[in-house]
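Q: Below is the structure, and that's it, no one-letter string:
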C-alpha cells in the first residue's frame, strides 16, 4: 500500500527520466569519455564490484535478438528507464542482449539482467541495477532494536512452496506474526497487510525468496531490525552471494526447523543481534553512494560493449578494468 510520499517519489522518478528522454541525447554521449576517465580513478572496490556484476572475460558477438540501445523495449517502464539512464551515454547503434523481469536461469547469450542464479557458471547474466525504485527502497528506521517488539514477522505472496512451508511451521508459534494478506489464500494463512514501517516495529523480519530474489531483503538489512532467512540462491546488484551468514543476517534451515531456536538464542544475546544489525547497515550504505553507483553502471556497460567488439577500448580505462 503506497504512501503519499512514495507516490510523490514515483512521480518524480518518471518525470526526471522523461525529461532525460526529451533532452538531446548527443549531450550525454559527449560526456562519456570524461565520465569514464573519472571512473578509472576510483578505488579497487569499484573495480571489484564492476567485475562481480560483469564476469565476462572472453570476446563474444551479440545474438540475432540483440536490440540497439536506441530502441530498448519500453513495456517494463522502470527497467527501460534504469537501463536507458546509462545506455544513452553510448552510441545509439550499439547492440545489447537483455532479459527484463525475473530471471531464474542463466541466459544462453551474455545479457543484461536484474538477477541471476548464484550457483554454477552465471557469467552470461550481466547484472545491472534494474527496477531500483522497488528493489532499492531503503527508508530510514528510527526505532532502536531494543525498542522493537520481541517477535518475528513476515508478509508476502505465497508464490512458492518455501513461503507456504514457513506458514505451516511458524503460524502457531507465539513469537511469530506470519501470513499473507492475499484474499485468495487459504483462510488459515491470511493475515492483515503490514506496511514496511509496521513490519519494522518487530525485532526480527524474515526474508524469503519469491519468484527470484527477496524484494524485502534490502529494506530489512538497512533497518534496525534483524534479518532472518535461508541462504540466498539468486543475486542482484545487491550482491546477495557476498552476504555472510551470522555476520550480515541470521541463517535459517530450509525447513525452518531452527526458527524457534534462533529467535530464543538472539533474545538471550541481544548484543550479538545488534552486532549483526550494524554490519547489515554498513553493507547497505555503499548502495547509497550515487556517484559510485553511476560509475559502476557505466563501466559494466562499457566492458560489455568492448567485449562484444562494438567499441575500441580506451587503453587507460581498460587497464583499470582488467587490472
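A: On my side now, so go ahead. A quick note: this is a predicted structure, and the numbers were derived from the prediction, not measured. Residues are numbered from 1 along each chain as shown.

Q: Go through stretch 223-242 and flag the buried ones.
A: 223-230, 232, 234-238, 240-241 (16 or more other CB atoms under 10 Å). From N, CA and C alone the C-beta is placed, and that goes for glycine too.

Q: Could you do stretch 167-180 as well?
A: 167, 169-170, 175-180.

Q: quick check, distance from that stretch to the centre of its chain.
A: Centroid separation between stretch 167-180 and its chain, computed with CA atoms, centre = their mean, to the nearest Å, is 27 Å.

Q: switch to numbering from 46
A: Understood, numbering begins at 46; the last thing we discussed is stretch 212-225.

Q: which other residues reach it?
A: Contacts to stretch 212-225, defined as CB atoms under 8 Å, 6 or more residues apart in numbering, come from residues 195-203, 208, 211, 233-236, 247, 251, 300-302, 304-305, 308.

Q: again, 7 Å this time
A: 196-203, 211, 234-236, 251, 301, 304-305, 308 (CB atoms under 7 Å, 6 or more residues apart in numbering).

Q: and if you look at stretch 190-210?
A: Outside stretch 190-210, the residues within contact range by CB under 7 Å, 6+ apart are 211, 220-227, 230, 234, 236, 238-239, 244, 246-251, 253-256, 269-270, 273, 300-301, 308, 312, 315, 318-319, 322.

Q: cool, and stretch 321-340?
A: Contacts for stretch 321-340 (CB under 7 Å, 6+ apart): 84, 87, 91, 174, 181, 183, 190, 263, 266-267, 269, 271-272, 292-295.

Q: And stretch 357-365, how far out from the chain middle?
A: 28 Å.

Q: same question, stretch 176-188
A: 11 Å.

Q: again with stretch 93-113
A: In terms of CA atoms, centre = their mean, the centre of stretch 93-113 is set 19 Å apart from its chain centre.

Q: Likewise for stretch 307-324?
A: The answer for stretch 307-324 is 25 Å, by CA atoms, centre = their mean.

Q: Next: stretch 322-331.
A: On CA atoms, centre = their mean, the centre of stretch 322-331 falls 14 Å from the chain's centre.

Q: Please enumerate the helices of this structure.
A: 49-67, 70-84, 89-98, 122-132, 177-180, 206-215, 241-244, 262-266, 304-313, 315-330, 335-352, 360-367 (DSSP state H).

Q: Please identify the buried residues of the fifth one?
A: Spelled out, it's helix 177-180. Applying 16+ other CB under 10 Å to helix 177-180 flags 177, 180 as buried.

Q: ok, now stretch 236-249?
A: Those would be 236, 239, 241, 244-249, for stretch 236-249 by 16+ other CB under 10 Å.

Q: so which pair among these is furthest apart in space?
A: 236 and 248 (18.0 Å; CB to CB).

Q: Quick one: mean pLDDT for stretch 314-332?
A: Mean pLDDT, stretch 314-332: 98.

Q: buried residues in that stretch?
A: 318-319, 321-322, 324-326, 328-329, 332.

Q: Let me know the closest of these to residue 99.
A: residue 332 (17.2 Å).

Q: any idea which of the buried residues of stretch 236-249 is closest to residue 153?
A: Nearest to residue 153 among the buried residues of stretch 236-249, with distances taken as CB to CB, is residue 241, at 37.0 Å.

Q: Need the nearest residue in space to that closest one, chain neighbours excluded.
A: Leaving aside its chain neighbours, residue 241 sits nearest to residue 264 (5.8 Å; criterion: CB to CB, 6 or more residues apart in numbering).
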